[in-house]
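>>> give me the fold of what follows.
(3 chains)
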Amino acid sequence: MRRVAVVGVGQTKFGELWDTSFRQMIIEAGTRALEDAGMSGKEIDAIYVGNMSAGQFIRQEHIAPLIADHSGLAPVPCTRVEAACASGALALREAMVAVASGMHDVVVAAGIEKMTDVIAETGQEVLATVADQEWEAFMGATFHSLFALMARRHMYEFGTTEEQMALVAVKNHHNACLNAYAQHHVELTVEKVLQSPVVSSPLKMLECASLTDGAACLILVPLEEARKYTDTPVEIAGSGQASDTITLGDRESLVSLRATREAARMAYRMAGLEPRQVNVAEVHDATTISEIMAVEDLGFCKKGEGGKITEEGITAIDGPLPVNPSGGLEGRGHPIGATGIAQALEIVLQLRGEAGKRQVKKAEVGLTHNVGGSGGTAVVHLFRRV
Amino acid sequence: MHVPRFWREIPNRYGLVGTRCGHCNRVFFPPRAICPHCRRVGHLEPYRLSGRGKIYSFTTVYSGPADFKDQLPYMLAIVELEEGPRVMAQLTDCREEEVKIGEEVELVFRRIREEGEEGIIYYGFKARPVRGRSQEARPS
Amino acid sequence: MEVGVVGYGAYVPRYRIRVEEIARVWGADPEQVKRGFGVEEKAVPGPDEDTVTISVEAARNALKRAQLPPSSLGAIYVGSESHPYAVKPTATIVAEALGATPELTAADLEFACKAGTAGVQVCMGMVEAGMIKYGMAIGADTAQSSPGDPLEYAAAAGGAALLIGKADGESVAVIEATYSYTTDTPDFWRRDMRPYPRHGGRFTGKPGYFRHTLAAAQGLMRKLGLTPRDFDHVVFHQPNGRFPVEAAKELGFSLSQLKAGLLAPQVGNAYSGSTLLGLASILDRAKEGERILAVSYGSGAGSDAFSLVVKEAIERKRELAPKLSDYLQDKVYIDYATYCKFTRKLVR
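Residues are numbered from 1 along each chain as shown, chains lettered A, B, ... in the order given. Next comes the predicted model:
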């Protein structure tokens, strides 16, 4: 297998993009990535695009050729990849495999979601289709209720507090203030978070990522070709993916995501790295408890101590292991299919030294963690400066 | 949910019929067709559960889908049934202040949702705290 | 008659609304209402309950006491005036929920508040004729009343089930006889597709309830050659807490005979569930050898009277399922707004 590097990145602003359509978003993100890589576009051999629900949000299926066409890239093969909220990272993995295998040389990994053309209530109903339709959604489960059930169990088993959970939202919103592309530019306090309306107890509104529009793009080439396009290539050193039941009742545990643990294990092994070697991470904070469980499952601390290390500032942007310097899903917004790509984009910027006010000092190894639904899919990537 | 899809699962939803692996004896509810532990050597048969269990986790939903608007706020729980499997069910006839993890519950037959004013009514199970109601003798 | 009750079960929802709370909203004097109706509070169905769910729980309790497999049921009849579907039977959903399908017959019945006891008579006939071995008759309702109508103080929810079989050592009570009195008397009705019933006010009393209830009771006692003194318990249909007391007095029964089955003051009028709930309440404490008179009433109009004698099996079967008192003590009071939300009176 060839080694693979990222040589171009681009994204739209994430937010409620009233003036921008689905087609316009992908063009914007793609164009920026091509400019960043110094490519014209004719170099592209294949495209992998992550998108969860264009069929439900804009009633458009078969978006892969639509994207290739409107990007001016047809007849290049374009593949739509879906793994709920992990669609973006899965598209990245598929793109990586395409280059690593030698099947293609210059491959785009993109992600896109247009969520705000429908009213919020409909948006939440679309989100709920990631749950088990027969035995969870049928009973009235909402997307956030799944995480609420995990949160309460985490509080019960480890004494995690609502204040510790709120600190995740405070941290990530603070980081988002430093990110011009993020949806939210508002500093929060623990009090503000705790006083926001309860969505599904114990989770409050400000603990949950919003419905967002956005697109993001990466360009991958074999590592040996990377310096043709950039002085700061970033290698994808490891990739891991795992599946687990989508039904919460069938999980071994409500306080740990087996898919995260397995995907992380695969990625660490492939990269020859250990958790303590990671300098910066973008993890999947769909809710505050999601980040707390993630830092545990990724091996950054012991199971049950995610709240503690957040409280101690270990994962703050100026701490020893900054988590979600971009603002995470909570601060940056969560256009479902685009999130996994945006996470990788942030890590690439960090490893290049181009993260501006968010720059983590001496970032050599970065990790991204993208979860589908309540944990049915997890995709983990490790990046290394070369 | 369309009628045939719901109708197919009526024995499971009304009668709490799951499956049991004849090889490892694990009980699955909702039912599974393949035992994930035994796979090809597993042998699954229908198995009726008692409906008794304990709350494993719970939440109160304040913001929910259109079909459940009239019932807001409502409670959801993961219930650990006495035969082993855990299942999601709404909690009924109680408020959050009245329950805790470990609370004994029983699955009762309730109206879950309906297809508007003209569509069919979907019945199924919800979990209700036992609250020291006189202990019933177990049916033989 | 050689039929008996092999098992019985009851269910009343958890929620209650007090007369004071309803009176508060409509500007009535609660003490006057309580005196006039003999009702203090009534049972309200939760938002996820209806005649089907009430029937299922009552029937499951009856099966538990009968100690019979659900497949032994040859027939299920559900009597109600609040079946959730105008077309599609409650009885088949109940049958499926009990696990009694597919080898049985089933149907829904309507006769205002006496549809449940009509079902009892159908099962009695089928068992006596040898057509089925066991039959389940259920009376259940989530009675609807127009907001502000005096009916609102008592229209309640609840249900009970009787599992009927041949009289033998497994019967908790044998049914000695049944007698019915039926006329066409339009005292209380609801037109198709209308949400709330209408009634004839005071016309529902003498020409309605009392004429039929008294005639059925007297007819049964005459048929069996019995007098009120031969009965240990009597239970009537309970549209409120006053009518059954007056009927008892009129017939020569004492208040102590009425006591065990009188639920209306605490539960309200569960319509098709009313008489059977009262009977279940009696069976929850009756002793072997005691005789019970049960007389239902359904507007339109008619009464079914039954004479039952309690058997030894009651002692070992009574505790096999929750008693009515278990449901009655587990109650929660709600306000009028919540009551409107639960009974779908809120308009969007």
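>>> so what's C:Met193 up against?
Counting by C-beta atoms under 8 Å, 6 or more residues apart in numbering or on different chains, C:Met193 touches C:Ala86. Every C-beta, even on glycine, is put in place using the N, C-alpha and C of the backbone.
>>> so it, which state does it fall into?
coil (DSSP: H, G, I helix; E, B strand; the rest coil).
>>> compute the distance between it and chain A, please.
According to C-beta to the nearest C-beta, to the nearest Å, C:Met193 and chain A sit 30 Å apart.
>>> same deal with C:Val332?
From C:Val332 across to chain A, the span is 20 Å (C-beta to the nearest C-beta).
>>> wait, that residue sits on C:Ile17?
No. Assessed by C-beta atoms under 8 Å, C:Val332 is found out of contact with C:Ile17, at 10.3 Å.
>>> give me the more crowded residue out of those two.
C:Ile17 (23 against 15; other C-beta atoms under 10 Å in any protein chain shown).
>>> name the element that one belongs to?
strand C:15-18 (DSSP states H and E).
>>> tell me the bridge partners for C:Val234.
Beta-bridge partners of C:Val234, counted by DSSP bridges, are C:Leu293.
>>> could you pull out the strands for the stretch 1-150 of chain C?
Remark: strands assigned in the stretch 1-150 of chain C by DSSP state E, counting those that start in this stretch are C:3-11, C:15-18, C:41-44, C:73-79, C:105-109, C:134-142.
>>> any stretches of chain B with poor pLDDT?
For chain B, the stretches with pLDDT under 70 are B:133-140.
>>> burial measure for the one residue in the stretch 201-350 of chain A that gets nearest to chain C, as a count.
As assessed by C-beta to the nearest C-beta, chain C sits closest to A:Ser201 within the stretch 201-350 of chain A, at 19.1 Å. A:Ser201 has 19 neighbouring residues, counting by other C-beta under 10 Å.
>>> then C:Thr338?
16.
>>> you'd agree it is in a helix?
Yes. Remark: C:Thr338 belongs to a helix, assigned using three-state DSSP.
>>> the bottom helix or strand of chain A by mean pLDDT?
helix A:120-127 (a mean of 93; mean pLDDT, DSSP states H and E).
>>> near chain C at all, that one?
No. Under the criterion of C-beta under 8 Å from any C-beta of the partner chain, helix A:120-127 makes no contact with chain C; the nearest approach is 14.6 Å.
>>> which secondary structure elements does that helix contact?
helix A:54-57 (3 or more C-beta pairs under 8 Å, 6 or more residues apart in numbering or on different chains; DSSP states H and E).
>>> now do the helix or strand just after the helix it packs on: distance to the chain's middle.
Using DSSP H and E, the helix or strand that directly follows helix A:54-57 along the chain is helix A:63-70. Put simply, helix A:63-70 sits 22 Å off its chain's centre (C-alpha atoms, centre = their mean, to the nearest Å).
>>> buried ones in the helix or strand following helix A:63-70?
Moving toward the C-terminus from helix A:63-70, the next helix or strand (DSSP H and E) is strand A:78-81. Of all the residues in strand A:78-81, those buried under the rule 16 or more other C-beta atoms under 10 Å in any protein chain shown are A:Cys78, A:Arg80, A:Val81.
>>> ok, back up a step: the strand holding C:Ile17 pairs with which strands?
strand C:41-44 (antiparallel), strand C:332-333 (parallel).
>>> may I see the buried residues of stretch A:296-314?
Buried residues in stretch A:296-314 (16+ other C-beta under 10 Å): A:296-301, A:303-311, A:314.
>>> any bit of stretch A:302-316 sitting next to chain B?
No. Interface with chain B: stretch A:302-316 contributes nothing (C-beta under 8 Å from any C-beta), its closest point being 15.7 Å away.
>>> mean confidence for that stretch?
Regarding stretch A:302-316, the rounded mean pLDDT is 98.
>>> also stretch C:255-262?
pLDDT averaged over stretch C:255-262 gives 97.
>>> output that stretch as PDB, nothing but the C-alphas.
Taking Å, rounded to 0.1, in the frame of the first residue of the first chain, the C-alpha atoms of stretch C:255-262 are listed here in PDB:
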ATOM      1  CA  LEU C 255     -76.200   0.000  52.600                       C
ATOM      2  CA  SER C 256     -73.800  -2.600  54.000                       C
ATOM      3  CA  GLN C 257     -74.700  -5.000  51.200                       C
ATOM      4  CA  LEU C 258     -73.900  -2.200  48.700                       C
ATOM      5  CA  LYS C 259     -70.600  -1.200  50.300                       C
ATOM      6  CA  ALA C 260     -68.100  -3.600  48.800                       C
ATOM      7  CA  GLY C 261     -69.100  -2.900  45.200                       C
ATOM      8  CA  LEU C 262     -69.700   0.900  45.400                       C
END
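>>> ok, and what's touching it?
C:228, C:231-235, C:238, C:241, C:244-245, C:248, C:278-279, C:281-282, C:285-286, C:294.
>>> of these, buried ones?
C:231-235, C:238, C:241, C:244-245, C:248, C:278-279, C:281-282, C:286, C:294.
>>> these two touch, right, C:Glu312 and C:Lys287?
No. With contact defined as C-beta under 8 Å, C:Glu312 does not reach C:Lys287; the gap is 9.8 Å.
>>> which of the two has more residues huddled nearby?
Comparing C:Glu312 with C:Lys287 by other C-beta under 10 Å, the one with more neighbours is C:Glu312, at 13 against 10.
>>> not counting sequence-adjacent ones, nearest residue to the more buried one?
C:Glu288 (4.9 Å; C-beta to C-beta, 6 or more residues apart in numbering or on different chains).
>>> ok so, going back, and the strands of the stretch 1-150 of chain C as CSV, adding mean pLDDT?
As requested, these are arranged in CSV below (pLDDT from 0 to 100):
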stretch, mean pLDDT
strand C:3-11, 98
strand C:15-18, 98
strand C:41-44, 98
strand C:73-79, 98
strand C:105-109, 98
strand C:134-142, 98
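>>> any idea which of the ones you listed is most buried?
Among the strands of the stretch 1-150 of chain C, judged by mean count of other C-beta atoms under 10 Å in any protein chain shown, the one packed with the most neighbours on average is strand C:134-142 (a mean of 32).
>>> hey, C-alpha coordinates of it in CSV?
Extracted C-alpha coordinates of strand C:134-142, given in CSV (Å, rounded to 0.1, in the frame of the first residue of the first chain):
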residue,chain,number,x,y,z
TYR,C,134,-63.9,-20.7,27.8
GLY,C,135,-64.9,-17.2,26.9
MET,C,136,-63.7,-13.8,28.0
ALA,C,137,-66.2,-10.9,28.4
ILE,C,138,-64.7,-7.4,28.9
GLY,C,139,-66.5,-4.2,29.7
ALA,C,140,-64.2,-1.1,29.4
ASP,C,141,-64.6,2.6,28.6
THR,C,142,-62.8,5.9,28.4
